[in-house]
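**Q** sequence-free structure coming up:
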């Protein structure tokens, strides 16, 4: 029996929030596996153009799309632009995230909670809904949610982010069951604390405390996620769905 392929040649991938951090690493990984990659960003034009140029220099067929992934009109426009240039989206990686300050519940307000829900519930809903007609028509598709270990670990004080990520995990599991008959898989990758650009100003004592707890005795790096993302996007993972893979050096064991 011929082994399943890890190649993504001929596939089109959209990675949201992909011009920095974990999203950037995933976008490069999918591109190096053969996918055409749409990079999404919202604010930093210079950084986005630099990542786009680097992806093209690496030989990846790519497109740069600017837009707010929590806005329905922007999602409709972006997915149409990608379909027009690269082709309809086969692989959707839901990675975009806002700032994630840790505060006690008394210090949050509902506007902040709503922002978390918009990024981790509304955005996955809008983007999945936009991409599913094509996936269903071809009876193949991959949706990969980027979650977080904070749900399993009950990290505090962090209720807004943890609650929204838990909701995204529920969305992941339910949607997986709903679309499985069409050969579409829906999975989640939940990284631990992997220091990227947005962590530059995090308190050093918090970083030191977390680092001491990692069983593998090293920090995770963005590239640690790329193998899992490529695998879940490939034909090799065609019978894996509704799963949540923690990538955190052993910080969660159940």
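**A** Sure, I can see it. All of these numbers come straight from a predicted model, not from anything done at the bench.
**Q** do you know how far residue 71 is from residue 17?
**A** Look at residue 71 and residue 17: by Cβ to Cβ, to the nearest Å, they are 14 Å apart. Yep, even glycine has a C-beta here, placed from its N, CA and C like the rest.
**Q** higher neighbour count, those two?
**A** residue 17 (25 against 16; other Cβ atoms under 10 Å).
**Q** so the more buried one sits right up against residue 120, yeah?
**A** No: the criterion here is Cβ atoms under 8 Å, and residue 17 misses it with residue 120 at 11.6 Å.
**Q** Which neighbours do the two have in common?
**A** Jointly contacting residue 17 and residue 120 under the rule Cβ atoms under 8 Å, 6 or more residues apart in numbering are residue 97.
**Q** so who does the closest residue to residue 213 other than its chain neighbours touch?
**A** Excluding its sequence neighbours, the residue lying closest to residue 213 (Cβ to Cβ, 6 or more residues apart in numbering) is residue 251, at 6.6 Å. By Cβ under 8 Å, 6+ apart, the contact list for residue 251 reads 149, 153, 192, 213, 214, 215.
**Q** do that again at 10 Å, thanks
**A** 149, 152, 153, 191, 192, 193, 210, 213, 214, 215, 216, 220 (Cβ atoms under 10 Å, 6 or more residues apart in numbering).
**Q** do residue 36 as well
**A** Taking Cβ under 10 Å, 6+ apart as the definition, contacts of residue 36 comprise 8-14, 30, 60-63, 82, 85-87, 89-91.
**Q** With residue 134 as the reference, measure out to it.
**A** 14 Å.
**Q** can you give me the helices for the chain?
**A** 21-32, 45-57, 72-85, 110-117, 123-138, 150-153, 159-179, 204-211, 226-233 (DSSP state H).
**Q** Can you redo those as TSV, where the extra columns are mean pLDDT?
**A** Output for the helices of the chain, formatted as TSV (pLDDT from 0 to 100):
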stretch	mean pLDDT
helix 21-32	97
helix 45-57	97
helix 72-85	98
helix 110-117	97
helix 123-138	98
helix 150-153	94
helix 159-179	98
helix 204-211	89
helix 226-233	98
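**Q** Go through those and pick out the most buried.
**A** helix 21-32 (a mean of 24; mean count of other Cβ atoms under 10 Å).
**Q** Can you give the distance from that helix to the centre of its chain?
**A** Distance of helix 21-32 from the chain centroid (Cα atoms, centre = their mean, to the nearest Å) equals 10 Å.
**Q** helices and strands around that helix, which ones?
**A** Secondary-structure packing of helix 21-32 (3 or more Cβ pairs under 10 Å, 6 or more residues apart in numbering; DSSP states H and E): strand 12-15, strand 36-41, helix 45-57, strand 62-66, strand 91-94, strand 141-146, strand 184-191, helix 226-233.
**Q** would you turn these into CSV with distance to residue 205?
**A** Output for the helices and strands packed on helix 21-32, formatted as CSV (distance: least, Cβ to Cβ, whole Å):
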stretch, distance to residue 205
strand 12-15, 33
strand 36-41, 32
helix 45-57, 29
strand 62-66, 37
strand 91-94, 32
strand 141-146, 27
strand 184-191, 21
helix 226-233, 30
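**Q** if I look at residue 233, how far off is residue 122?
**A** For residue 233, the distance to residue 122 - Cβ to Cβ - is 23 Å.
**Q** what's the answer for residue 252, then?
**A** Separation of residue 252 from residue 122 (Cβ to Cβ): 26 Å.
**Q** how about the spatially closest residue to residue 184 that is not a sequence neighbour, what does it touch?
**A** Nearest non-adjacent residue to residue 184, counting by Cβ to Cβ, 6+ apart: residue 141, 3.9 Å away. For residue 141, the contacting residues are 11, 88-92, 128, 131-132, 134-135, 179, 182-186, 233, by Cβ under 10 Å, 6+ apart.
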